[in-house]
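Trainee: turn this into a structure:
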Amino acid sequence: MNRQNGIHRMTITALFCGIILLLNFTPIGYIQLPLIKATIIHVPVIIGAILLGPKIGAGLGFVFGLTSLYNNTFTPTLLSFVFSPLIPLPGTEHGSWTALLVAFLPRILVGVIPYYFYRLMNRVLNKKHDMLSLTLSGLIGSMTNTILVMHLIYFLFRDSYGQAKGIPVDVVYHAVLAVIFTNGVPEAVVAAVLTAVICRTLSKITPTRL
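Mentor: Numbering: from 1, shown residues only. A predicted model of the protein is given here:
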């Protein structure tokens, strides 16, 4: 029985990896905005974390990070230097290895935090409010990505970010907050709805939830 469950979990994990890669190579995965790419690739990472646990969730987050590194390296935009060390910083001929922190750390945590938040909500709200717990977990997972990415950009690339956008350094944080609210909040709402609906559907047809 344990072997069967292990095979089932591996199959579901491979399926989520495939979805992440599929989204990466289609226009809906990364939606190009004027300065940055909005994403819904974090949604299968969040769902995978809730259904399969934080270890597999972290692995899915790592795959998410790889797609970010790939996209920003091979289809760079104005701010791709914050996600890929192979893209030169503005006014220089070299990138920064700290871009790997921006590309991977928040994405890995997207596969960890929703799991524990969902478990916490289940204790606080009990199983009768499972849809609300799932919705809030999707929201938190998405905002984890946006808030950590934008704050790492601020702390690691503040000067370069300001130079790229043509704004003074002392207003860079205002620009960061603007991205969080204009891009991050809509992404989070979409993620919250998709997480609740898909997790509830999958929980009825598969025994993956821990």
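
Trainee: residues touching the residue nearest the centre of the chain, list them.
Mentor: Centroid-nearest residue in the chain, with CA atoms, centre = their mean: residue 42, separated by 3.8 Å. Neighbour list for residue 42: 64, 107, 110, 141-142, 145, 187, 191 [criterion: CB atoms under 8 Å, 6 or more residues apart in numbering]. In short, each C-beta sits where N, CA and C put it, glycine included.

Trainee: so for those residues, which is the shakiest by pLDDT?
Mentor: Among the contacts of residue 42, residue 187 carries the lowest pLDDT, at 88.

Trainee: ok, that one touching residue 142?
Mentor: Yes - if you go by CB atoms under 8 Å, residue 187 and residue 142 touch, sitting 5.4 Å apart.

Trainee: how far does stretch 152-168 sit from its chain's centre?
Mentor: 21 Å (CA atoms, centre = their mean, to the nearest Å).

Trainee: what mean pLDDT does it have?
Mentor: 95.

Trainee: cool, stretch 82-90 as well?
Mentor: Here the average pLDDT along stretch 82-90 is 96.

Trainee: that one: end-to-end distance?
Mentor: Using CA to CA, to the nearest Å, one end of stretch 82-90 lies 11 Å from the other.
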